[in-house]
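>>> Got a sequence here, can you model it:
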Amino acid sequence: MSLHQFADRTEAGIELALRVSRVRLRTPLIVLALPRGGVPVAYEVSQALHAPLDVLVVRKIGMPGQPELAIGAIASGNIVVRKPGAAVRYGPDRRTFALLAERAGAELEGRERSYRGNRPPLMLSGKTAILVDDGLATGATMLAAIRAARKAGASSIVVAAPVASDEVSALVEAEADALVLLQMPAELQSIGEWYRDFAHVDDAEVRSLLERAQPPSRTAPA
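Numbers count the residues shown, from 1 in each chain. This next block holds a predicted model:
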């Protein structure tokens with residue numbers, strides 16, 4: 001597995017799509033992006049597989065005073081994950097963590113309304129769900145997504161990402177049915193270091209990509 005920087009999320013998505021397309025996948029398929037950064041990557045995967053694209057909304061729970069350090073995550077369906085390890089051992093007590101999770105849950109509901117709009121609730125029963133993000137840093141958000149997809153009835157869960165560390169990939173692989181990664185560096189300080197262009201993905205871009213991925217509506221002949 002040769003290590004290299006991706007030009008941007010689109011290039012990473014194209015490369016990832018090629019790798020995912022080699023996996024034997026049971027239909028019907030659905031590609032679920034973890035917003036925001038996972039959406040441009042997942043868009044390319046959905047296009048290559050000719051599979052519908054949707055989002056599975058997750059929110060990181062950050063360490064008080066260090067919000068970028070994930071100590072857990074919450075996903076649709078009231079799924080809460082507290083990441084094991086040093087960040088938790090030296091982090092907040094259970095009551096404080098529960099309050100942080102509640103706050104993240106309120107933010108998650110708002111984002112889900114923003115991204116999914118009038119779409120019906122996710123129907124995953126009997127489907128192979130391909131969960132896609134732009135990288136797995138702590139694994140907390142992806143673990144929450146896996147458990148949410150499992151709770152929603154997905155028959156099989158495939159996790160796909162351009163980059164993840166060995167440690168995190170082991171955590172995720174233990175819960176997913178399959179794991180597809182392009183790169184596994186021994187040390188991963190941040191996801192952004194593996195992209196030459198790691199520009200912020202805003203809500204408008206998320207909604208635009210979701211709209212572009214929708215099949216064209218069929219109009220009845222006159």
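
>>> For the rest of this, base every contact and every neighbour count on C-alpha atoms.
Will do.

>>> Next, the buried residues of the helix or strand hosting residue 96.
Here residue 96 sits within helix 94-116, counting by DSSP states H and E. Using 16 or more other Cα atoms under 10 Å as the test for burial, helix 94-116 gives 97, 100, 101, 102, 104, 105, 108, 111, 112, 115, 116.

>>> same question, stretch 71-87
71, 72, 73, 74, 75, 76, 79, 80, 81, 82, 83, 87.

>>> Just give me the longest strand of the protein.
Longest strand in the chain by number of residues (criterion: DSSP state E): strand 66-75.

>>> re earlier: between all of the buried residues of stretch 71-87, which two are separated the most?
76 and 87 (23.4 Å; Cα to Cα).

>>> can you give me the helices in the protein?
Counting by DSSP state H, the chain has helices at residues 9-20, 38-49, 86-89, 94-116, 140-151, 166-173, 203-213.

>>> Please dump the buried residues of helix 94-116 into JSON lines; it should also carry pLDDT for every row.
Below are those laid out as JSON lines (pLDDT from 0 to 100):
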{"residue": "97", "pLDDT": "88"}
{"residue": "100", "pLDDT": "90"}
{"residue": "101", "pLDDT": "90"}
{"residue": "102", "pLDDT": "90"}
{"residue": "104", "pLDDT": "90"}
{"residue": "105", "pLDDT": "88"}
{"residue": "108", "pLDDT": "90"}
{"residue": "111", "pLDDT": "88"}
{"residue": "112", "pLDDT": "87"}
{"residue": "115", "pLDDT": "89"}
{"residue": "116", "pLDDT": "81"}
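
>>> residues in contact with the residue nearest to the spatial centre of the chain?
Closest to where the C-alpha atoms of the chain average out (Cα atoms, centre = their mean) is residue 34, at 2.9 Å. Residues near residue 34 by Cα atoms under 8 Å, 6 or more residues apart in numbering: 55, 56, 57, 58, 131, 132, 133, 145.

>>> Recalculate using a threshold of 7 Å.
Going by Cα atoms under 7 Å, 6 or more residues apart in numbering, residue 34 touches 55, 56, 57, 58, 132, 133.

>>> follow-up on the earlier one: out of the helices of the chain, nearest to residue 187?
Per Cα to Cα, nearest to residue 187 of the helices of the chain: helix 166-173, 8.1 Å.

>>> in this structure, what spans have low per-residue confidence?
Within the chain, the segments meeting pLDDT under 70 span 1-2, 84-91, 216-222.

>>> If we use 80, what do you get?
1-2, 67-70, 83-91, 117-118, 215-222 (pLDDT under 80).

>>> Thanks a lot, see you next time.
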